Structure formats: structure tokens, C-alpha cells
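J.: my questions concern the predicted model and sequence given below.
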Amino acid sequence: MKSRIIIGNDHGGYEAKLEIVRHLQERAIAVTNIGSDSTEIVRYPHYARQVCQAVLRGECDGGILICSTGIGMSIAANKFKGIRASVCTSHFMGKMSRQHNDSNVLCLGGKVTGAFELLDIVDAWIENDYIGGRHQISLDLIRDIESENMK
């Protein structure tokens, strides 16, 4: 289970971020909030960069990124070698992204997923660990692709 999370958001994820931070703190999970603190328009890649760099430096156990759909954040996050960012829209996706894909950044859509579902996805993601086994073959192949195509 993850105990230290860094969270970033743009304007589209601001309200969802407030709910998620409150929820994580109630679960005694340390949260570092580097996201936007308003609904004023900002650019999501700035927040994706900060969260991914913190994850790669080992400053936290994982990152959560929130924009309107989660898609933009995941595109930006997956540009970082070693980041496995997953857009999740259900409990099952949150669980599988950890167990099978060793996701280290969760991307959520604050405008397309309800508050209850968002918290359920977050819980599934933080409560599950990578199970390895046959899934390691795929992760190794992904690392090969990264080595060939990323600096």
C-alpha cells in the first residue's frame, strides 16, 4: 500500500483534487499537493512534469494527476522514462493498473468521473501492489521500448 502520494492538477481537476486530498489524509496517507489551487486556466504539462520528477526521484510512493479527462495528464506523464501512468475510470482499472502494470502515476478525469467513483479508484490504486510473475515479461518489453526510443 502506498503511504506517500504527490498530487498535481490543472483547473479541470481542482475540485476533484480537493476531495481526493481530504480522502487520503483521512486514511493517514501523506500527501504533497503541487497542483493548481483554483479553477483559473493553467497548463497541465507543468504539473505532470513536477509529479513525474518527484516519483522518479523516489520522493513519494506514487503520483496522482487530475485534469478534465485524465488523458492530457497521462500523455504528458508517459513522456518520462520510467513512468507508467494510467488513466483509470473504474475500480477494476485502478486495481489492474497496479497489479499487472505496476502503474506509478494514476491519472483521473475530474470532469468525467463522479466523486464517489474517483475515491473508489484511488483506493483500488493505493491498496494494490504489483504482483510480478508473467506480467514482468511485458514490463521488461516496455523498458526495452523506452531504452530504444527515450533519452
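T.: That came through, no problem. Numbers count the residues shown, from 1 in each chain.
J.: give me the buried positions along the helix or strand of the chain with the lowest mean pLDDT.
T.: When the helices and strands of the chain are scored by mean pLDDT, DSSP states H and E, helix 135-149 comes last with a mean of 94. For helix 135-149, the buried set under the neighbour-count rule, 16 or more other Cβ atoms under 10 Å, comprises residue 146. Backbone N, C-alpha and C define where each C-beta goes, glycine included.
J.: could I have it exported to PDB, CA atoms only?
T.: The C-alpha trace of helix 135-149 is given here as PDB (Å, rounded to 0.1, in the frame of the first residue of the first chain):
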ATOM      1  CA  HIS A 135       3.400  -9.500 -16.100                       C
ATOM      2  CA  GLN A 136       7.100  -8.800 -15.700                       C
ATOM      3  CA  ILE A 137       7.700 -10.000 -19.200                       C
ATOM      4  CA  SER A 138       5.500  -7.200 -20.500                       C
ATOM      5  CA  LEU A 139       7.200  -4.600 -18.300                       C
ATOM      6  CA  ASP A 140      10.600  -5.700 -19.500                       C
ATOM      7  CA  LEU A 141       9.400  -5.300 -23.100                       C
ATOM      8  CA  ILE A 142       8.200  -1.800 -22.200                       C
ATOM      9  CA  ARG A 143      11.500  -1.000 -20.700                       C
ATOM     10  CA  ASP A 144      13.200  -2.200 -24.000                       C
ATOM     11  CA  ILE A 145      11.000   0.200 -25.900                       C
ATOM     12  CA  GLU A 146      11.900   3.100 -23.600                       C
ATOM     13  CA  SER A 147      15.600   2.300 -24.000                       C
ATOM     14  CA  GLU A 148      15.300   2.400 -27.700                       C
ATOM     15  CA  ASN A 149      13.100   5.500 -28.000                       C
END
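J.: low pLDDT regions in this structure?
T.: 151 (pLDDT under 70).
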